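*Asks:* Sequence plus the predicted model coming up.
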Number of protein chains: 2
Amino acid sequence: MNDKANAQPGGRKHQRVRQADVARAAGVSQAAVSLVLSGSPDLSIGASTRQAILDAARDLGYVPDPIARRLATGRNNLLGLHTFAPEFPVSLSNSYYPYLEGVEVEAAAQGYDLLLFTGAPNTASRETAVHRLRLADGCVLVGRHPPIDDVRALLESGFPLVYIGRHDDLGEELSYIGADYSRATAALTDRLHDLGHRNFVYVQEVDTAVASTDREDGFEESMRRHSSDAVGTAPRLAAEQITPALVKGWIDDGCTAIIVEGGTETVDSPASLDTLTHVLGELGLEYPRDISLATTGSEFTQRSGSVVFAGFDVPRREMGRQAVQLLIDLLRGKELSVAERQRLLECAPVDGNTSGPARRA
Amino acid sequence: MNDKANAQPGGRKHQRVRQADVARAAGVSQAAVSLVLSGSPDLSIGASTRQAILDAARDLGYVPDPIARRLATGRNNLLGLHTFAPEFPVSLSNSYYPYLEGVEVEAAAQGYDLLLFTGAPNTASRETAVHRLRLADGCVLVGRHPPIDDVRALLESGFPLVYIGRHDDLGEELSYIGADYSRATAALTDRLHDLGHRNFVYVQEVDTAVASTDREDGFEESMRRHSSDAVGTAPRLAAEQITPALVKGWIDDGCTAIIVEGGTETVDSPASLDTLTHVLGELGLEYPRDISLATTGSEFTQRSGSVVFAGFDVPRREMGRQAVQLLIDLLRGKELSVAERQRLLECAPVDGNTSGPARRA
DNA sequence: AAAAACTAGTAATGCGCATTATCTTTGACA
DNA sequence: TGTCAAAGATAATGCGCATTACTAGTTTTT
């Protein structure tokens, strides 16, 4: 009864209804069908013919093939989003989430649909995974450690790409929307200096990335400006390395303000900050009374009570939005200067309630 | 200097490198390039030629076009996921999330990549949005209120589709993985009956959907079986309609157990249950002492303390997994009976600590 | 030495659609 | 009555790739 042979990719002959089928049913040419079903409505197809085509299409259950359409036109009004992660960042506590929100909102506002690419760089499909992005007209990328060669290949192939996060390693070709971590961290350090702090410890993630070294640069830069009356160190520490003994040592050495790298893209929970507050508790120290705390980013995990860490706000949503806007500009072939294609957004300072005047030595 | 005219879809002549370009550079035919770059490695292309092609491809920065590939082969190893929602359900509190997890895990395990389709049924792109799913080889759908005509059109066009959630309105053609809400709700009601409850109120969502009426059916069925000694009503109430006066009325009428519809797909927060517990507090009633509470689903919002609502567990992750497995079977043209293509999974009972023996009248 | 069997590669075709150039009618106007 | 233009529709082509059928050269077989 049923010709199951046709269900197979090999054996199928014309499983799905094509424009040609509609054309035959309506007694017209395939071109006419194409014009009526997807061309601008004012084209030269008579009313009766048009109706016949529409009827036939409805009766046969014609559904356009987006692949063929895309191949023919070169566009499909689809924007890609890829994170280079095996699974999609669907958790609220994941710091990617606000980017996604911004991208989603702006894409919708601009009339583009979104394609979220999952797919780990697993051994099997790694090489093809990145090329797959070309299913969309252009793509927004997020991720601390992208496979740079693949990204370069895509870029050189002329595929419109916008990175969320600064990425100068591919030169001026790669467009991005970043956050000015360096400036924000310097400003944060300056504010602590204004509060009287003269001895700092900046705790960094072990995992170095642009977002991480930018922050370090900002800290160092501030330290240099205040080199006449302030000192600071910037150790890279894993959460478990932050022991009471270590912290005690800092304080004994005169440290009055600790800054913790935070809000980094792949760190789901800022464990370092959690550990540090825990250690301070063990040492019987309260902040901001005994010591000032700050973090180079916004917090995602819910804090008990009303603790708001001093630091700055990474405008993630806005970065997502602007990334989409930039991508669309690229898609439309708009001429953009390098400054327009590589932007750093400012991070608003957050005073919080974890830092205060330096304890007198 | 730069030929910017070529950047435009109209003016561009050969922006990106094609197999034909590689072929010319290597002095071979396009077919040879195709065979080497994507054909099985044991095909009849000599080693030197093969190397020349590989070199040329690398030098020119060739990147395969997934669209053309897909058009030619009919497959691209991509599975779609669509929720009919304007934005993607990326929040943990959203009850779609576990489905996504299951789908993601299983797709990865089977070597398929995932394409998450965003795109609201907004007036502009609504009609084309659904067809866009055909970018993938097949698609998993989730959603309480799908645009049934579009889904039918897709289905009739032969596109492999698996719905998460029961959907009999399209007959036997639409495959699905559902949860046996009816049976689970009946069992839950039976358990309460076993505890001595004889007078029930089942609070339902105002928004009717299959997942909702299935639960109601289960409740009614249990009531019918116990019609000799038990009674119950099943009002559909919005959260704000649940007032102290109303609840007081139920209790005065002898109600000892309240079941609240929960875990429905689009309800981000089970507001009805929250409202109800709040109202009970206002009335000075404690559960399970004064009254038993249960819900027809699992909870997502974090509860204060260790309250675990009586009810049952919807195996969402497992549903996601099985949906993917089923979809892949369909893709491969496997012959499946209706029973295999339309499955209801059992929901494990959850005793919780919000229900107990009925208060004596 | 002729036929059979490989080997290495190419030409041709089609996937489903959009688009352009082209052809055929018909109507308007002088 | 003849000419030109507009309207209505079609044939042809290409998007980039995979795939099949086929050609030509080289061994192997008997």
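*Replies:* It's in.
*Asks:* which residues touch residue A:140?
*Replies:* Counting by CB atoms under 8 Å, 6 or more residues apart in numbering or on different chains, residue A:140 makes contact with A:79-82, A:103, A:161-164, A:320, A:323-324, A:327. C-beta: built from backbone N, CA, C; applies to glycine.
*Asks:* how does chain A divide into domains?
*Replies:* A:4-64, A:78-180+A:317-345, A:181-313 (automatic domain parsing).
*Asks:* okay, how far is it across the last one, tip to tip?
*Replies:* Yep, that's domain A:181-313 we're talking about. End-to-end distance for domain A:181-313, by CA to CA, to the nearest Å: 10 Å.
*Asks:* Off-centre distance for it?
*Replies:* On the basis of CA atoms, centre = their mean, to the nearest Å, the separation between the geometric centre of domain A:181-313 and that of its chain is 24 Å.
*Asks:* Residue A:222 is in contact with residue A:190, correct?
*Replies:* Yes - the criterion here is CB atoms under 8 Å, and residue A:190 meets it with residue A:222 at 5.5 Å.
*Asks:* So which of those two has more stuff around it?
*Replies:* residue A:222 (24 against 16; other CB atoms under 10 Å in any protein chain shown).
*Asks:* Next, the more buried one: phi, psi?
*Replies:* Per-residue torsions, residue A:222: phi -60, psi -40 (degrees, to the nearest 10).
*Asks:* Leaving out chain neighbours, which residue sits closest to it?
*Replies:* residue A:189 (3.7 Å; CB to CB, 6 or more residues apart in numbering or on different chains).
*Asks:* That neighbour against residue A:231, yeah?
*Replies:* No - Residue A:189 is beyond contact range of residue A:231, at 12.0 Å (criterion: CB under 8 Å).
*Asks:* Which residue comes closest to residue A:283 once chain neighbours are left out?
*Replies:* residue A:244 (5.5 Å).
*Asks:* from what I can see the one you found touches residue A:282, true?
*Replies:* Yes - when contacts are counted by CB under 8 Å, residue A:244 is listed as touching residue A:282 (5.3 Å).
*Asks:* where does the stretch 201-350 of chain A dip in pLDDT?
*Replies:* Within the stretch 201-350 of chain A, the stretches with pLDDT under 70 are A:263-271, A:298-305.
*Asks:* the helices in it, which residues?
*Replies:* A:210-225, A:244-252, A:271-282, A:316-331, A:338-341 (DSSP state H, counting those that start in this stretch).
*Asks:* could you redo those as TSV and give each row distance to residue B:358?
*Replies:* Formatted as TSV, the helices of the stretch 201-350 of chain A follow (distance: least, CB to CB, whole Å):
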stretch	distance to residue B:358
helix A:210-225	59
helix A:244-252	54
helix A:271-282	46
helix A:316-331	51
helix A:338-341	70
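*Asks:* wait, which of those is closest to residue B:31?
*Replies:* helix A:316-331 (32.5 Å; CB to CB).
*Asks:* Give me the contact list for that closest one.
*Replies:* Contacts for helix A:316-331 (CB under 8 Å, 6+ apart): A:79, A:95, A:98-107, A:110, A:112, A:137-140, A:160-164, A:175-179, A:298, A:336, A:340-341, A:343, A:345.
*Asks:* Quick check: PyMOL command selecting the buried ones in these.
*Replies:* Here is the PyMOL command that selects only those of those that count as buried (16 or more other CB atoms under 10 Å in any protein chain shown):
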select buried, chain A and resi 79+95+98+99+100+101+102+103+104+105+106+107+112+137+138+139+140+160+161+162+163+164+175+176+177+178+179+298+341+343+345
